[in-house]
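> everything below, folded, please.
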Amino acid sequence: MPKTLIAFLFLLISIKSFGQTFSPIELRADLAFLKERIEEIHPNPYKFIEQNRFQQIYDSLYKVERPLAVKQTFAHLLNLTRAIRCGHTSILVDERLIKPNNINPQFLPMDVAIFGDKVYVSRNLSENNLLVKGTEITAIEDIPMPKLLKNLSKYTFQNGDGQNTDVETYYLQRNFRRLLYLFFDEQDELHLRVKINKEEKSLSVKTQPLAYLREMEAERNPIRNTDFYKNIYLSENNAKTSVLRIRSFDGNEFENGNFHNEIQNIFKKITEKQSKNLIIDVRNNAGGGLDYADEILKYLLAKPFTKYQISSSPNIKDKKKALSVNRFYEPINDFQFRGNVFVLVNEGTFSTAVYLAAHLQNQENVKLIGTTCGGAADGSSAGKFTSFTLPNTKFTVSLPLLKINYNATNELYLKPKHEVRQNYADFLAGEDTAFDFAKSLIGK
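Sure, this is the predicted structure:
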């Protein structure tokens, strides 16, 4: 379809949705529909919240007495889905809120780091050279940053499992430019107040489409190692230390059926180097296929381990039978790693990545380093998903269908033995605090 026609069709949609509001009757009907679907479909809706508390939140939302615009409606409905604190449950951001990529929505061209209620430039992709790394942004569009962060949090469409303010900050930071777009709508430029050499200055930053951001990123931060694009790779491998980075359990290495050979080759290389220490980095890993994590565990666990179990909500017709409790995976003797293992985790460690870390933490030769994981430690609601559209507001909701028991721990949260978090000084110096701490343990 020609781009001009796509743009024209989107313009018609925008005109239709501009100023659109939903009446209290429509909002209540959708809230009731959403609550009913959550309780019917979600396999474990009351894991992190008591049912009577969920009912109280629903009742307060149901009392809406005035029409709400599209953006307000999105935030209003989010209050209900976020109440169950399941990171696999979401309301999708649609084109009424953020234009589709082929229409070139424009965003603030920078990444940020958040420490408390302060926001700093992490990567500047704009044309303004004054915004160097570490520059504090004190306000945007005359809204002081603490107040702005509170406003943006209302639109946070991603979250972890349970209640963890550090996880909320993580997703606020990760989705900062998209949340700004949601809050301010699309702007040609945004007006910032920043601190430069202890003096507060006002400046304007032109917003840019994603294509421009990718181009600037490639130009200013060129990737010299092609392995960086892989979801799993060895970034370091020698007799003293090997470093295995696992960015995701999704991707071509896994979907093409090559994962078994890929993992075998990695541990073969580690064995050939006779490495004594292994650092496994699953920070910012949002998960993927559990079977891929099992394949890795075979090379790391000294004893047979129990595979995860799956069940579904009793209300779902297509039930998934639970896997047998005594279904074990045997360790692989060839190329098994028997040295010291250091697992790096953070608030972005979620789902399958937590499953891997939770099984590893039970071994004497393993130390977890970093911050509390964003996903639940004992299991999750995931595996398969269904989506449906709310009848009046037309927002699409995604719900998990399966309850997964990791068979690794009864704890809700996976907290590392060594809590190590990056401070502003380390951020400014470009130091990887958790990684450096692991190296320091190896050096002792």
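
> can you tell me how far residue 27 is from residue 38?
16 Å (Cβ to Cβ, to the nearest Å). Every C-beta, even on glycine, is put in place using the N, C-alpha and C of the backbone.

> kindly report the same for residue 275.
47 Å.

> quick revisit: and residue 27 and residue 38? Which one has more around it.
residue 27 (25 against 20; other Cβ atoms under 10 Å).

> quick one, phi/psi of that one?
Backbone geometry at residue 27, expressed as degrees, to the nearest 10, gives phi -60, psi -40.

> same check, this time on residue 357
Dihedral angles (degrees, to the nearest 10) for residue 357: phi -70, psi -40.

> do residue 232 as well
Residue torsions, per degrees, to the nearest 10, at residue 232 are phi -140, psi 130.

> likewise residue 110?
phi -160, psi 160.

> burial of it, as a residue count?
Neighbour count for residue 110, taken as other Cβ under 10 Å: 23.

> what does residue 88 give?
23.

> so for stretch 122-141, what's the average pLDDT?
For stretch 122-141, mean pLDDT rounds to 96.

> just the CA atoms of it, as PDB, please.
C-alpha atoms of stretch 122-141 as PDB (Å, rounded to 0.1, in the frame of the first residue of the first chain):
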ATOM      1  CA  SER A 122      22.100   8.600  29.300                       C
ATOM      2  CA  ARG A 123      22.500   8.800  25.500                       C
ATOM      3  CA  ASN A 124      21.900  11.900  23.500                       C
ATOM      4  CA  LEU A 125      20.800  11.400  19.900                       C
ATOM      5  CA  SER A 126      19.700  15.000  19.300                       C
ATOM      6  CA  GLU A 127      21.400  17.800  17.500                       C
ATOM      7  CA  ASN A 128      22.100  19.600  20.700                       C
ATOM      8  CA  ASN A 129      25.600  19.000  21.800                       C
ATOM      9  CA  LEU A 130      25.100  20.500  25.200                       C
ATOM     10  CA  LEU A 131      23.200  17.500  26.400                       C
ATOM     11  CA  VAL A 132      26.100  15.300  27.400                       C
ATOM     12  CA  LYS A 133      25.800  12.100  29.400                       C
ATOM     13  CA  GLY A 134      25.000  12.900  33.000                       C
ATOM     14  CA  THR A 135      23.200  16.200  32.300                       C
ATOM     15  CA  GLU A 136      20.200  16.500  34.700                       C
ATOM     16  CA  ILE A 137      16.800  17.300  33.200                       C
ATOM     17  CA  THR A 138      14.900  19.200  35.900                       C
ATOM     18  CA  ALA A 139      11.700  19.800  33.900                       C
ATOM     19  CA  ILE A 140      10.000  19.200  30.600                       C
ATOM     20  CA  GLU A 141       7.400  21.600  29.300                       C
END
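
> run the chain-centre distance for that stretch.
Averaged C-alpha coordinates place stretch 122-141 at 24 Å from its chain's average position (Cα atoms, centre = their mean, to the nearest Å).

> do stretch 282-291 as well
The mean C-alpha position of stretch 282-291 is separated from the chain mean by 10 Å, Cα atoms, centre = their mean.

> switch to numbering from 577
New numbering, starting at 577: the last item is stretch 858-867.

> A helix includes residue 962, no?
No. Counting by DSSP: H, G, I helix; E, B strand; the rest coil, residue 962 is not found in a helix; it is strand.

> who's in contact with the nearest residue to residue 702 once chain neighbours are set aside?
Using Cβ to Cβ, 6 or more residues apart in numbering and skipping residues adjacent in sequence, the residue nearest residue 702 is residue 685, 4.4 Å away. By Cβ atoms under 8 Å, 6 or more residues apart in numbering, the contact list for residue 685 reads 700, 701, 702, 753, 781, 782, 783, 784, 788, 789, 792.

> sweet, I'm off.
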